[in-house]
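Fold the stuff below for me.
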Amino acid sequence: MGRDYILRLMAYAVPTFILGFVWHLRLFGGTYQALAIYRKDIVIPFGAAAILLQGSVIAWVYPRLVSTPGSITTGLVFGAGAALLSWTFTTLAVAAKHHMSSVAGFVRIETAFTAVQFLVVGPLLALASRT
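Take a look at the predicted model:
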C-alpha cells in the first residue's frame with residue numbers, strides 16, 4: 001500500500017465515520033429512533049469495519065476509474081456516481097427490507113446523508129490524489 005492509497009482511504013474513512021456518527025447518533029438520532037429501525041445496542045465497531053472496507057475499495061478504484069484524479073471536478077463527478085451506488089445499498093435496499101415507521105422519512109434522511117457524505121468525500125479523494 002502506497003502513500004496515495006492510504007491518503008485516499010483516509011479521505012473516505014475519516015469524514016464518513018465522523019459524519020456517520022454525528023448524523024445518525026447525535027444530530028438526527030431522535031429522527032432515526034422515531035423511524036424505529038435501530039437496535040438498542042448499536043455495534044459501532046461493525047460500522048467502523050464497514051467504513052474501512054468501503055474506503056479500501058474506493059481508494060483502490062478511484063484512480064483506476066478517473067482520468068484526472070487530482071481534479072476537484074473529477075472528485076465531485078466520482079462522488080456523484082459513488083453516492084448513487086451507495087444509495088442503492090444503504091437506502092433503497094434497507095427501505096425495501098427493514099421494518100420502519102416511515103419508509104418515505106427514512107429515504108429522505110438517508111438520501112440527504114448520502115449526498116452530504118459524497119459532497120465531502122469526492123473532493124477529498126481528489127485532494128488526496130494530488131500528492
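
and residue 84, how many neighbours?
Using other CB atoms under 10 Å, residue 84 is surrounded by 11 other residues. Every C-beta, even on glycine, is put in place using the N, C-alpha and C of the backbone.

How about the secondary structure of residue 68?
On the three-state scheme (DSSP: H, G, I helix; E, B strand; the rest coil), residue 68 is labelled coil.

wait, what's in contact with the nearest residue to it once chain neighbours are set aside?
Using CB to CB, 6 or more residues apart in numbering and skipping the chain neighbours, the partner closest in space to residue 68 is residue 74 (5.0 Å). Residues in contact with residue 74 (CB atoms under 8 Å, 6 or more residues apart in numbering) are 66-68, 126.

Grab the CA positions of stretch 24-35 and hand them over as CSV.
What follows is stretch 24-35, C-alpha atoms only, in CSV (Å, rounded to 0.1, in the frame of the first residue of the first chain):
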residue,chain,number,x,y,z
HIS,A,24,-27.0,9.1,12.8
LEU,A,25,-26.4,9.1,16.5
ARG,A,26,-26.4,12.7,17.5
LEU,A,27,-27.7,15.3,15.1
PHE,A,28,-30.6,13.1,13.8
GLY,A,29,-30.5,10.4,16.5
GLY,A,30,-34.1,11.2,17.6
THR,A,31,-35.3,11.0,14.0
TYR,A,32,-33.8,7.6,13.5
GLN,A,33,-35.2,6.4,16.8
ALA,A,34,-38.6,7.6,15.7
LEU,A,35,-38.1,5.6,12.5
